[in-house]
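**Student:** Predicted model follows, preceded by the sequence.
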Amino acid sequence: MSDLLSIGSSGLRAYRNALASVSDNVANSNTAGYSRRKIELTESPVSSGTSLLYRPQATFGGVETGAITRAWDQFKAADARLAGSDHGAASSRLTWVQRVETALDDGDSGVGAKMTAVFNAADQLSADPNGDFARRNFLSSIDLAAGAFRQTADDMTQVADGIESEALAGTDLVNANLQTLARLNVQIRKAGEGTATYAQVADERDRLLDEIAGKVGIDVTMDNAGAVRITLSGSNGKVLLEDARAGQLGVQRAVDGRLGFLVSNSSGASTFTPTTGAFAGLQDASEQLAGRRQELDGIATDFATLLNTWSAQGLDKNAAAGVPLLSVTAGASSMQALLTDPDLVPAGDATNADFGNLLSLSTVRNSSGIENRWVSLVANQGQATASAKTNSDVTSARKDIAFSARDAVSGVDLDVEAADLLRYQQAYSACARIIQVARDTMQDIFNIF
């Protein structure tokens, strides 16, 4: 009778734990980083021997609760981290090259349209070289072109600032996660595999690894206890985390806006080039942006040189040599229109004092190809953006496949959990019935006496 009670009570305890495990799975089915729990139920040790009548007998101890296991595949998890790193690089690159494309405004208020407006205003002035309105319109078009150059340069500076800010925020996140992982390495060794605490700590560990991998490419190794060692991918094994010692990442920015990354650990500080992850995308975008800014500064300088050279060859209303029209001291951001007096517009030359110099401007315009250079700059950026968009789409699909494969192992299937819930409920009820039968039997025996 006592064996019957023992079997029933052990079943109640075991299936209560199993029901709790199912409840946790259902409650966390949409929780990011949660891995499905499974509780192992095993038969209690069986004792056997001979009875007083020398007959063999066996005593069954019921059911026991074994380890709590996580549904997890380390290889699929590593593949998902790699796919996440690749998509992080592509997505970050796409975001910022699109912003560079937006900064290179090719609309009516952009640099290209305003340079064309200067030459168009010169054509209109040639039809009325002595008209005050036409002269003022020509000077206004030069001022607007200078403003367009300054605005574009400022917009690209803001993009560079945004790239740096995102990089700094990303390194802060990675550094905080590394510190947390250092503490988790200690906790996971203390928890012991197969416990609920171990499963919880392991979930948090893997979630943080995913976050870090999204920012920078990493290689992860685990010891037998589940503690992780992290090194930077493609950096000759520079260590980010080992045992409870966490490294630190940093950002440095060059004058032209190009980004570099630093890693500091027990071996000292050194630079590294991220191969995947958002940091790789940010670095690529910063280098591309620096190139575009250099091209813009070149166009601004050559445009100012073209107009100033043309002005020096002409004569104003007073038959004096033309003065500089534009000033560029430090790239496109410094471009300024210098002339405000319409009488000083160098419309004429020695051959034709009224509009001779205006006729030569169209020749200078075509030979310099200054507008075509702007068109080429915008077109190249458009091609870079289209390429980044394609790469982002490809890596996104790859990431979805890798994450789906991992989730197929570790994710919670509510249909399966519902079936387990019914099964464990019935088993729990059966164990309760065993205890009830044992109680009724014992009461009947007492009633006999």
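**Tutor:** Great, that's in hand. Numbers count the residues shown, from 1 in each chain.
**Student:** Quick one: distance of the longest helix along the chain to the chain centre.
**Tutor:** When the chain is parsed with DSSP state H, its longest helix is helix 132-191. Remark: helix 132-191 is offset 14 Å from the chain centroid, using C-alpha atoms, centre = their mean, to the nearest Å.
**Student:** And stretch 339-354, by the same measure?
**Tutor:** Stretch 339-354 has its C-alpha centroid displaced from the chain centroid by 56 Å (C-alpha atoms, centre = their mean).
**Student:** Buried residues, that stretch. List them.
**Tutor:** Across stretch 339-354, burial judged by 16 or more other C-beta atoms under 10 Å covers 339, 342, 344-349, 353. Bear in mind the C-beta positions are built from the backbone N, C-alpha and C, glycine included.
**Student:** residues in contact with stretch 72-85?
**Tutor:** 35, 202, 206, 209-210, 213-214, 216-218, 220, 222, 233, 276-277, 395, 398-399, 401-403, 405-406, 409-410 (C-beta atoms under 8 Å, 6 or more residues apart in numbering).
**Student:** Could you list the low-pLDDT ranges of the chain?
**Tutor:** For the chain, the stretches flagged by pLDDT under 70 are 1-3, 45-61.
**Student:** now the helices: where do they sit in it?
**Tutor:** Going by DSSP H, the chain shows helices at 2-27, 74-103, 111-127, 132-191, 196-215, 278-312, 356-368, 370-410, 414-448.
**Student:** Tabulate those helices in CSV, adding columns for mean neighbour count and distance to Leu326.
**Tutor:** CSV is the format used below for the helices of the chain (neighbours: other C-beta atoms under 10 Å; distance: least, C-beta to C-beta, whole Å):
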stretch, mean neighbour count, distance to Leu326
helix 2-27, 18, 68
helix 74-103, 21, 21
helix 111-127, 20, 10
helix 132-191, 19, 6
helix 196-215, 21, 44
helix 278-312, 21, 4
helix 356-368, 17, 14
helix 370-410, 16, 12
helix 414-448, 13, 69
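**Student:** Include distance to Arg245 when you put those into TSV, please.
**Tutor:** What follows is the helices of the chain, written out as TSV (distance: least, C-beta to C-beta, whole Å):
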stretch	distance to Arg245
helix 2-27	33
helix 74-103	21
helix 111-127	52
helix 132-191	7
helix 196-215	16
helix 278-312	22
helix 356-368	60
helix 370-410	29
helix 414-448	40
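**Student:** Out of those, which is closest to Leu262?
**Tutor:** Closest approach to Leu262 among those (C-beta to C-beta): helix 132-191, 8.9 Å.
**Student:** residue contacts, Thr385?
**Tutor:** With C-beta under 8 Å, 6+ apart, Thr385 has these contacts: 94, 97-98, 100-101.
**Student:** So what pairs up with Ile230 in the strands?
**Tutor:** Beta-bridge pairing of Ile230 under DSSP bridges involves Val220, Leu241.
**Student:** And Thr69, by the same measure?
**Tutor:** According to DSSP bridges, beta-bridge pairing links Thr69 with Lys38.
**Student:** ok, now how distant is it from Gly369?
**Tutor:** 69 Å (C-beta to C-beta, to the nearest Å).
**Student:** which one of these two has more residues nearby?
**Tutor:** Each of Thr69 and Gly369 has its neighbours counted (other C-beta atoms under 10 Å); Thr69 has more, 17 against 12.
**Student:** Could you tell me how many residues sit around Gly194?
**Tutor:** Neighbour tally, Gly194, other C-beta under 10 Å: 14.
**Student:** mind listing what it touches?
**Tutor:** Gly194 makes contacts with 66-69, as judged by C-beta under 8 Å, 6+ apart.
**Student:** Need the residues you listed in a markdown table (columns: distance to Ser266).
**Tutor:** A markdown table is the format used below for those (distance: C-beta to C-beta, whole Å):
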| residue | distance to Ser266 |
| --- | --- |
| Gly66 | 40 |
| Ala67 | 35 |
| Ile68 | 35 |
| Thr69 | 35 |
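**Student:** Quick check on those residues: which are buried?
**Tutor:** Buried residues within these, defined by neighbour count using 16+ other C-beta under 10 Å: 68-69.
**Student:** excluding its backbone neighbours, what's nearest Gly250?
**Tutor:** Nearest residue to Gly250 in three dimensions, chain neighbours excluded: Leu262, at 3.9 Å (C-beta to C-beta, 6 or more residues apart in numbering).
**Student:** Bridging across strands, which residues link to that neighbour?
**Tutor:** In this entry, Leu262 is beta-bridged to Gly250, Thr271, by DSSP bridges.
**Student:** Hmm, it is touching Phe272, no?
**Tutor:** Yes. Using C-beta atoms under 8 Å, Leu262 is in contact with Phe272, at 7.5 Å.
**Student:** which of those two has more neighbours?
**Tutor:** Ranked by neighbour count (other C-beta under 10 Å), Leu262 and Phe272 place Phe272 first, with 18 against 14.
**Student:** returning to that earlier point: turn the contacts of Thr385 into CSV, columns for distance to Gln383.
**Tutor:** Output for the contacts of Thr385, formatted as CSV (distance: C-beta to C-beta, whole Å):
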residue, distance to Gln383
Leu94, 13
Val97, 10
Gln98, 13
Val100, 12
Glu101, 10
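**Student:** tell me which of the residues you listed is nearest to Ile448?
**Tutor:** Using C-beta to C-beta, Leu94 is the member of the contacts of Thr385 that sits closest to Ile448, with 84.4 Å.
**Student:** Give me the distance between that closest one and Ala83.
**Tutor:** Applying C-beta to C-beta to Leu94 and Ala83 gives a distance of 16 Å.
**Student:** again with Ser270
**Tutor:** Counting by C-beta to C-beta - Ser270 and Ala83 are separated by 28 Å.
**Student:** Next up, the contacts around the residue lying closest to Val378 once chain neighbours are set aside.
**Tutor:** Excluding its sequence neighbours, the residue lying closest to Val378 (C-beta to C-beta, 6+ apart) is Asp106, at 4.8 Å. Counting by C-beta under 8 Å, 6+ apart, Asp106 makes contact with 112-113, 378.
**Student:** Quick check: phi and psi on Asp106?
**Tutor:** Backbone torsions of Asp106, given as degrees, to the nearest 10, read phi -110, psi 20.
**Student:** thinking again about what came up before, and of the contacts of Thr385, the nearest to Gln436?
**Tutor:** Using C-beta to C-beta, Leu94 comes nearest to Gln436 of the contacts of Thr385, at 65.8 Å.
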